[in-house]
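K.L.:
Have a look at this fold, sequence not included:
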């Protein structure tokens, strides 16, 4: 059925764009359907509630970001250089978003954590899972670097969480100042948090 | 007039509580007046718009936080110990908030930066001023520590900004996990970001 395959996806895509631009609370089902170009009456055929739709948006957005992070963090480069590439890709992504819509959208997971995590337990739980998965992925790289003697952390998981916290904090500034360049210190900050030195042959910005 | 002195302050206080609990977008003028116990008709006698009220809430909240930060960061302790005290006070404040309302509210400035900074330029500008002032205060302490040879940063302002970003990132996790304990790594993270060692005589958690 065209209805199932198209309208549901249109609603999901419209909701993702609108949540990135305006957050969750400000959105009504009518706004989402209007942006999706589907009749309002069809919304509940696909989603039981706005919250169920938001969870689907989070899952879709994380599936894409997880694939991108896996590509970078599971690559063949030295572990610390993979972290640098993650920050460079993040900055490039925020830059591309700014060029297409005029403002830095920031991180949808960070945005919704601060907007919604104390208001709906379902969204809080999903966001916790996503951040745990991010920390898992960074921790795996930190553990590799530790085995190579390139970092000096006492607790790879806590160190990985601090690296993700630094990323979220700097993305907050990138959004606040509408400036992806706010992300430039991430690589040096990550090395500092991990008690590492820049790998030999790595040139800043190179 | 009782009306001027009381009702305006009641609206401001109610708005501050509601913004901490539910953010800005979800609030209507009617909700705020109901919580304040003032007739809706009187709102516009005091505030030209919800945005003007939000700016007043930001100013009021920052005036209180600035006084607290000044007390801690302008104190007599060694510079790095003042930063540690700032993190301890932040954690204690989030803990107290959690005990009184059941959930960690996080940082109002961070919350509104992610919720609103790409939507209203007036709120964005005010939040930028507040974060610049925070960075100023941390930078002054970092500069003192640098003069004493206790840190090894190349650029005290950028280092201060990274410390504030780390604070915001960890506060995001404290809100997401409803756990003020997420703030415990801040002191060690700050020392790492500043290329410092713990001052002599400083015992972790002491």
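P.N.:
Received it, and whenever you're ready, just let me know what you need. Here the structure is a predicted model, which means the values were calculated and not measured.
K.L.:
Which of the residues in the longest helix seen in chain A are classified as buried?
P.N.:
Counting by DSSP state H, the longest helix found in chain A is helix A:121-147. Neighbour-count burial for helix A:121-147 flags A:123-124, A:126-128, A:130-131, A:134-135, A:137-146 (criterion: 16 or more other Cβ atoms under 10 Å in any protein chain shown). Bear in mind the C-beta positions are built from the backbone N, C-alpha and C, glycine included.
K.L.:
and chain B, which of those residues reach it?
P.N.:
A:124, A:127, A:128, A:131 (Cβ under 8 Å from any Cβ of the partner chain).
K.L.:
Spatially central, which residue of chain A would that be?
P.N.:
residue A:107 (4.8 Å; Cα atoms, centre = their mean).
K.L.:
Go ahead and confirm that residue touches residue A:165.
P.N.:
No - distance between residue A:107 and residue A:165: 11.9 Å, which falls outside the contact criterion (Cβ atoms under 8 Å).
K.L.:
Buried residues in the one helix or strand residue A:71 maps to, which are they?
P.N.:
Per DSSP states H and E, residue A:71 falls inside helix A:50-73. Neighbour counts over helix A:50-73 (16+ other Cβ under 10 Å) mark A:50, A:53-58, A:61-62, A:65, A:69, A:72-73 as buried.
K.L.:
can you list the domain ranges for chain A.
P.N.:
A:1-47, A:57-193 (automatic domain parsing).
K.L.:
quick one, what contacts the residue nearest to the centre of chain A?
P.N.:
Residues in contact with residue A:107 (Cβ atoms under 8 Å, 6 or more residues apart in numbering or on different chains) are A:167, A:168, A:171.
K.L.:
right, and the secondary structure at residue A:118 would be what?
P.N.:
Using DSSP: H, G, I helix; E, B strand; the rest coil, the secondary structure recorded for residue A:118 is coil.
K.L.:
What's the local residue count around it?
P.N.:
Using other Cβ atoms under 10 Å in any protein chain shown, residue A:118 has 25 other residues around it.
K.L.:
How far off centre is stretch A:129-148?
P.N.:
15 Å (Cα atoms, centre = their mean, to the nearest Å).
K.L.:
List the contacts of that stretch.
P.N.:
With contacts defined as Cβ under 8 Å, 6+ apart, stretch A:129-148 is touched by A:58, A:62, A:66, A:69-70, A:73, A:78-80, A:82-83, A:109, A:113, A:151, A:153, A:156-157, A:159-161, A:163-164, A:194, A:196, B:173, B:176.
K.L.:
List only those of the residues you listed flagged as buried.
P.N.:
A:58, A:62, A:69, A:73, A:78-80, A:82-83, A:109, A:113, A:151, A:153, A:156, A:159-161, A:163-164, A:194, A:196, B:173, B:176.
K.L.:
Among those residues, which ones are in helices?
P.N.:
Going by DSSP H, the helices hold A:58, A:62, A:69, A:73, A:79-80, A:82-83, A:109, A:113, A:156, A:159-161, A:163-164, B:173, B:176 from these.
K.L.:
Check the closest residue to residue A:103 other than its chain neighbours and give its pLDDT.
P.N.:
Excluding the flanking residues, the one nearest residue A:103 by Cβ to Cβ, 6 or more residues apart in numbering or on different chains is residue B:118, at 4.2 Å. What the model reports as pLDDT for residue B:118 is 86.
K.L.:
How about residue A:103?
P.N.:
93.
K.L.:
if I read this right, it contacts residue A:177, doesn't it?
P.N.:
No - the criterion here is Cβ under 8 Å, and residue A:103 misses it with residue A:177 at 10.7 Å.
K.L.:
Run a quick neighbour tally on the nearest residue to residue A:123 once chain neighbours are set aside.
P.N.:
Leaving out its chain neighbours, the residue that sits closest to residue A:123 by Cβ to Cβ, 6+ apart is residue A:116, at 4.9 Å. Close neighbours of residue A:116, defined as other Cβ under 10 Å, add up to 23.
K.L.:
Over to residue A:91?
P.N.:
Neighbours around residue A:91, by other Cβ under 10 Å: 20.
K.L.:
Leaving out sequence neighbours, find the closest residue to it.
P.N.:
residue A:183 is the one closest to residue A:91 (Cβ to Cβ, 6+ apart), at 4.1 Å.
K.L.:
got the contact list for that neighbour?
P.N.:
Contacts for residue A:183 (Cβ under 8 Å, 6+ apart) come out as A:87, A:90, A:91, A:94, A:170, A:171, A:174.
K.L.:
Report the angle between the helix or strand encompassing the first one and helix A:50-73.
P.N.:
It refers to residue A:87. Per DSSP H and E, residue A:87 falls inside helix A:79-101. Taking axes from the mean of the first three to the mean of the last three Cα atoms, to 10 degrees, one finds helix A:79-101 and helix A:50-73 inclined to each other by 130 degrees.
K.L.:
can you give me how far the host helix or strand of residue A:9 is from the chain middle?
P.N.:
Using DSSP H and E, residue A:9 maps to helix A:8-22. Distance of helix A:8-22 from its chain centroid, counting by Cα atoms, centre = their mean, is 16 Å.
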